[in-house]
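>>> Below are the sequence and a predicted model for it; my questions follow.
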Amino acid sequence: MWWLVALLIFEPLSQSKLGIHLIGRYTDGAKKIIAAGPRVIKVLDPQANSQMVEAMRDYKRRYPRGIVVMRVWERTPQVRYSISDDPVASADDFWRKVLEPAVNALSPSDRKLVDFLEGPNEGENTPTWESVEAARWFGKFWVQLAKRIASAGFRPCVGSIAVGNPPGTVDEIFAKLDAFVPALRAAKQFCGAWSYHAYSLEYTTDLSVERWYSLRYRLFYEFLKSRHPDIADIPLILTEGGIDRAGNPKTDGWRARGDSEKFQRWLQWFDSELRKDKEVIGVTLFQIGDPQGWWSFDLEPIADWLANYLTSANSK
């Protein structure tokens, strides 16, 4: 009967695939959204921020089946690797210098709250999609880093692919993804996932446009299903998402280019599309908790709406 008790104690996760990326503070708005049961959340630097730990604890206490993704932002000096460096040795170096100290700084109980661990973000540290050779280097790097992450007790979340990447024609995109496939095999081996940052550049719901931006991952799965069907079921977490033209914290997010109603309509459309794709676990919308640093992306003004939307999704 323990399972019946568990069902009575723990609330169900939302049927929506919208989640949040927390930075800095665990705000009142973030608490409301967490209480509404998003399927997935992402936290930045919980090892250095007690409020991020509080958010993880709160979420997992309410929703033990919910998914927590952890990202570590390395402090200066930033580690950086070039294509002339050995990718395996570089992955080991990134683990030792960046990820290992961060996870070791968490208590054993707090480490258990983290499901997926990310690595380098959007090619900030490594060669990525500049060429097929760079993608092959990145794949080898991630094969080794996935092993390190799994050995530490976490599930690897590989890639952190920036919106609109890999670049090029469809043939060029497929060639780069093909070079990266070993990393996806490693992710699947260790029960991991891969990640893409799903932004709309033009604030549109036009599928012919968004196929290249917020929904570009569909092209990735077309590739896998046609060329590597054995890994075509690998899960995907959209570990950033929303509205972003070029990454400027003040001018490129949803608040600088629309209003709450416009953004809410877009989010409902986006969620409806994500729900069509079973491989997508969810999206962690960027961001909540740092309005000073990322004003135009801040989700606090729509927190009440998002919490209500997540709750109401269960009745649809």
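Ah, there it is.

>>> how many neighbours does the residue lying closest to residue 204 once chain neighbours are set aside have?
Take residue 204 and drop its neighbours on the chain: the residue closest to it by Cβ to Cβ, 6 or more residues apart in numbering is residue 210, 6.5 Å away. (C-beta placed from N, C-alpha, C; glycine too.) Residues near residue 210, counting by other Cβ atoms under 10 Å, number 21.

>>> Enumerate every residue touching residue 210.
By Cβ atoms under 8 Å, 6 or more residues apart in numbering, the contact set of residue 210 is 200, 204, 273.

>>> and it, what pLDDT?
Residue 210 carries a pLDDT value of 98.

>>> The stretch 101-250 of the chain: helices as residue ranges?
108-111, 132-151, 170-189, 207-210, 217-227 (DSSP state H, counting those that start in this stretch).

>>> now residue 247: how far from residue 122?
Summarising the geometry, the distance separating residue 247 from residue 122, computed by Cβ to Cβ, to the nearest Å, is 9 Å.

>>> same thing with residue 258?
Taking Cβ to Cβ, one finds residue 258 at 24 Å from residue 122.

>>> What of residue 300?
24 Å.

>>> Mind checking which of the two has more residues around it?
Under the neighbour definition other Cβ under 10 Å, residue 300 and residue 122 were set side by side, and residue 300 has more, 20 against 16.

>>> Return the residues in contact with residue 57.
Contact criterion Cβ under 8 Å, 6+ apart gives 110, 113 as the residues in contact with residue 57.

>>> doesn't it fall inside a helix?
Yes. When DSSP: H, G, I helix; E, B strand; the rest coil is applied, residue 57 is found to be in a helix.

>>> And the contacts of stretch 171-183?
Residues from elsewhere that reach stretch 171-183, judged by Cβ under 8 Å, 6+ apart: 129, 131-133, 135-136, 138-143, 146, 158-159, 166-168, 194, 219-220, 223-224, 227-228, 231.

>>> Try it again at 6 Å.
Here stretch 171-183 makes contact (Cβ atoms under 6 Å, 6 or more residues apart in numbering) with 129, 132, 135-136, 139, 142-143, 158, 166, 223, 228.

>>> Leaving out sequence neighbours, find the closest residue to the spatially most central residue of the chain.
When Cα atoms, centre = their mean is applied to the chain, the residue found nearest the centroid is residue 239 (1.3 Å). Distances taken as Cβ to Cβ, 6+ apart put residue 195 closest to residue 239, at 4.2 Å, once the chain neighbours are dropped.

>>> Just grab the bridge partners of that neighbour for me.
According to DSSP bridges, the partner residues bridging residue 195 are residue 237.

>>> Quick check: it vs residue 220, distance?
According to Cβ to Cβ, residue 195 and residue 220 sit 11 Å apart.

>>> between the two, who's got more neighbours?
Taking residue 195 and residue 220 together and counting by other Cβ under 10 Å, residue 195 has the greater number of neighbours (29 against 23).

>>> Show the contacting residues for the more buried one.
Residue 195 neighbours (Cβ under 6 Å, 6+ apart): 157, 159-160, 237, 239.

>>> can you check residue 40 too?
19, 67, 281-282.

>>> got it, and residue 114?
Taking Cβ under 6 Å, 6+ apart as the criterion, residue 114 is in contact with 68, 70.

>>> separation between the residue nearest to the centre of the chain and residue 77?
Counting by Cβ to Cβ, the gap between residue 239 and residue 77 amounts to 25 Å.

>>> Residue 108 now?
Computed with Cβ to Cβ, the distance linking residue 108 and residue 77 is 30 Å.

>>> What does the pLDDT read for residue 306?
Residue 306 carries a pLDDT value of 98.

>>> ditto for residue 11
Reading off the per-residue confidence, residue 11 sits at a pLDDT of 78.

>>> Name the SS class of it, please.
In three-state terms, and counting by three-state DSSP, residue 11 is coil.

>>> Could you work out the most separated pair of the contacts of stretch 171-183?
Across these, the two members that end up farthest from each other (Cβ to Cβ) are 143 and 223, 18.8 Å apart.
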